[in-house]
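Trainee: model the following, please.
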Amino acid sequence: MSISGKHFITHIRERQMNTDLDFYFRSVVRRWKSEIGIAGDVVYIFSPYITSRTAETVVEVIAPGQVKIFTLFSIENFVNGSSSIGTLKKLSDRGVELYHLENLHAKLVVVPSKFVSIGSQNLTNRGHHNLETTVVSNDEKAVSKALLEIQDWISAATFIEPEDIRLAFEKVDKLQKQYQVLRNEAATIDTQIRNEKEKRAEERKIRRQQLEQIKREIEQKQQEDLLRTEREKQLQELRRLQLLRLSQNARLVPTAQQSVIGRVNEVRSGSGWLKTFQPNDRTANLLDWHVNGEKLTLQDKYRYPCIVTDTGKIGWIRVNKSRITFIGNSITWTNPIRLNGRRFKIVFWANWNGNSTQTSNITVVIHSMLEWVTSRFEIPCFFDLSGLTFEELPEAEHHEFVALNEWISSNPNDFLSIVRSRFLTPFKYTENLTGKEADALFQYNWNWKPNYRLRVSLLDGHPFLVAELE
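Mentor: This next block holds a predicted model:
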């Protein structure tokens, strides 16, 4: 006898007890027919549920008087289709003895002295498709033991008379139709419950996903906030060092021996008031200075770069003999400069946003002289009296600036020298009254009017003004 490997150990153990068993994990109907077909005595079949065509197939191999079938004779089972009254009628008409055994759940086939089958499979069509397990044996002792055990069941069973089957057969058809209606309603309710359950499960899944997404977003935001806070600290420290270097450089560059102390005042101008920077000493002259023992005279009403050391702010101030009036936060040089063999227009923008993390006090904006190139290349820089510096170059988008970016990266000193010369060169607007009032660069409000010490310094032979808060 051949059995699969997964049952081999069990098979050997049963052999040690002198019991020969076969295990079926599929339909056992063919084995039943084979064993029943050679039976010489009465065959006992116990099956709670019976349907065509399985039951008819099994018993057709033996004379009707040699078969006794024990089942559940239940109108409910016939109505719900778990057992077939029609099949019982066919078997009864054929002469098969049918018995009702209350509470029957076992599934057995016993051929006295030859064969016993115990398992989960009924005499139903579903037994061919369900996951069934059946143990069979041809061992005479095992068969005799099974036959002995079922004697009390046989004694307790009641014979199902043909009249019982006839009466049940008449009632079942109508009840089956009613049952089918109820079954359809029940199926509809089951579907509704299942759909609602799936809907709730899907809603829970979506809520869970939403919560997980919110959690991820919160964690990401916390991480971003942490990185941003750390970055802000780094930038604040960098700005502190920049301002410290700026203050130190103010003492290193060639600077005028004298200084002028002044502050922002409001003076009447036409029909209104104008905020200007004025020396506290009304006799002071903002145009005449002495640097390195030589006289230096600023040109009246020209614009000179001015830097405030405590804030790093830069502006182009309009210098008069007795006061500083309008201040510009940007200049545009219409005359092009040549960089990397190509012509560009330069614009300087002072950064006046007052951000403590701002590490540039001026932005160099480079425009192409080609009409079809509308983009621009912006480089954040810091002017610390010793010159212009930049931390890193931004990415260039247009190919016109990609080559320029590469050239600046390879020649930073050449680039900064060219740009610094334009940045420091004084100029005069055609419209004299262009720019902001003095409080745009120097601190001023109604409750606090601080004094500033103003000096002139030289860088590359170009004068510029340095203002320190007193």
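
Trainee: please make it C-alpha for all contacts and neighbour counts, starting now.
Mentor: Noted.

Trainee: so what are the domain limits for this structure?
Mentor: Domain assignment for the chain by automatic domain parsing gives 5-160, 260-469.

Trainee: for the last one, give the mean pLDDT please.
Mentor: Okay, so that is domain 260-469. Averaging pLDDT along domain 260-469 yields 89.

Trainee: still on that earlier bit, format the domains of the chain as JSON lines; extra columns: distance to Leu211 and mean neighbour count.
Mentor: What follows is those, written out as JSON lines (distance: least, CA to CA, whole Å; neighbours: other CA atoms under 10 Å):
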{"stretch": "domain 5-160", "distance to Leu211": "41", "mean neighbour count": "18"}
{"stretch": "domain 260-469", "distance to Leu211": "35", "mean neighbour count": "17"}
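
Trainee: how about JSON lines for the ones you listed, with distance to Arg204 added?
Mentor: Conversion of these to JSON lines gives the following (distance: least, CA to CA, whole Å):
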{"stretch": "domain 5-160", "distance to Arg204": "34"}
{"stretch": "domain 260-469", "distance to Arg204": "45"}
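
Trainee: contact partners for Trp32?
Mentor: Trp32 sits next to 58, 109 when contact means CA atoms under 8 Å, 6 or more residues apart in numbering.

Trainee: what ranges does the stretch 351-470 of the chain have for its helices?
Mentor: Shown for the stretch 351-470 of the chain, the helices assigned by DSSP state H, counting those that start in this stretch span residues 399-410, 412-424.

Trainee: ok now stretch 330-339, how far from the chain's centre?
Mentor: Stretch 330-339 sits 48 Å away from the centroid of its parent chain (CA atoms, centre = their mean, to the nearest Å).

Trainee: residues in contact with it?
Mentor: Taking CA under 8 Å, 6+ apart as the rule, stretch 330-339 contacts 315-316, 343-350, 369, 404, 415, 422.

Trainee: same question for stretch 303-319.
Mentor: With CA under 8 Å, 6+ apart, stretch 303-319 has contacts from 243, 246-247, 286-287, 298-302, 324-330, 350-352, 361-362, 384, 423-429, 441-442, 463-469.

Trainee: what does stretch 279-294 give?
Mentor: With contact meaning CA under 8 Å, 6+ apart, stretch 279-294 is reached by 254-258, 260-263, 295-300, 319-323, 456-457.

Trainee: what's the span of it from first residue to last?
Mentor: By CA to CA, to the nearest Å, the extent of stretch 279-294 from end to end equals 22 Å.

Trainee: now stretch 361-381
Mentor: Counting by CA to CA: the opening and closing residues of stretch 361-381 are 6 Å apart.

Trainee: other residues contacting that stretch?
Mentor: For stretch 361-381, contacts defined as CA under 8 Å, 6+ apart pick out 312-314, 336, 343-352, 360, 382-383, 388-391, 393-394, 396, 398, 400-401.

Trainee: one more pass at 6 Å, please.
Mentor: 344-351, 360, 382, 389-390 (CA atoms under 6 Å, 6 or more residues apart in numbering).

Trainee: mind listing which of the contacts of stretch 279-294 are in helices?
Mentor: Among the contacts of stretch 279-294, DSSP state H puts none in helices.

Trainee: now Ala146: which helix or strand?
Mentor: Using DSSP states H and E, the element containing Ala146 is helix 140-149.

Trainee: show the subsequent helix or strand relative to that helix.
Mentor: Beyond helix 140-149 toward the C-terminal end (DSSP H and E), the next one is helix 151-156.

Trainee: packing partners for that next one?
Mentor: If you count contacts as 3 or more CA pairs under 6 Å, 6 or more residues apart in numbering; DSSP states H and E, helix 151-156 packs onto no helix or strand.

Trainee: and the next helix or strand after that helix, what does it pack onto?
Mentor: Scanning forward in sequence from helix 151-156 by DSSP H and E, the next helix or strand is strand 158-159. With contacts defined as 3+ CA pairs under 6 Å, 6+ apart, the packing partners of strand 158-159 are strand 97-100.

Trainee: any residues touching the strand it packs on, and which ones?
Mentor: Taking CA under 6 Å, 6+ apart as the rule, strand 97-100 contacts 68-73, 157-160.

Trainee: ditto for stretch 259-278
Mentor: Contact with stretch 259-278 is made by 279-280, 323-325, 437-438, 451-455, as judged by CA under 6 Å, 6+ apart.

Trainee: try 7 Å
Mentor: 279-280, 322-325, 437-439, 444, 449-455 (CA atoms under 7 Å, 6 or more residues apart in numbering).

Trainee: what is the nearest residue to Asn138 once chain neighbours are set aside paired to in the beta sheet?
Mentor: Excluding its sequence neighbours, the residue lying closest to Asn138 (CA to CA, 6 or more residues apart in numbering) is Phe115, at 4.5 Å. The partner list for Phe115 in beta bridges (DSSP bridges) reads Val111.

Trainee: what's the helix or strand for Arg228?
Mentor: According to DSSP H and E, Arg228 maps onto helix 162-249.

Trainee: name all residues that make contact with Ile160.
Mentor: Neighbouring residues of Ile160 by CA under 7 Å, 6+ apart: 98-100.

Trainee: distance of the residue nearest the centre of the chain relative to Phe277?
Mentor: Centroid-nearest residue in the chain, with CA atoms, centre = their mean: Gln213, separated by 6.0 Å. From Gln213 across to Phe277, the span is 56 Å (CA to CA).

Trainee: tell me how far Ser410 lies from Arg208.
Mentor: 54 Å.
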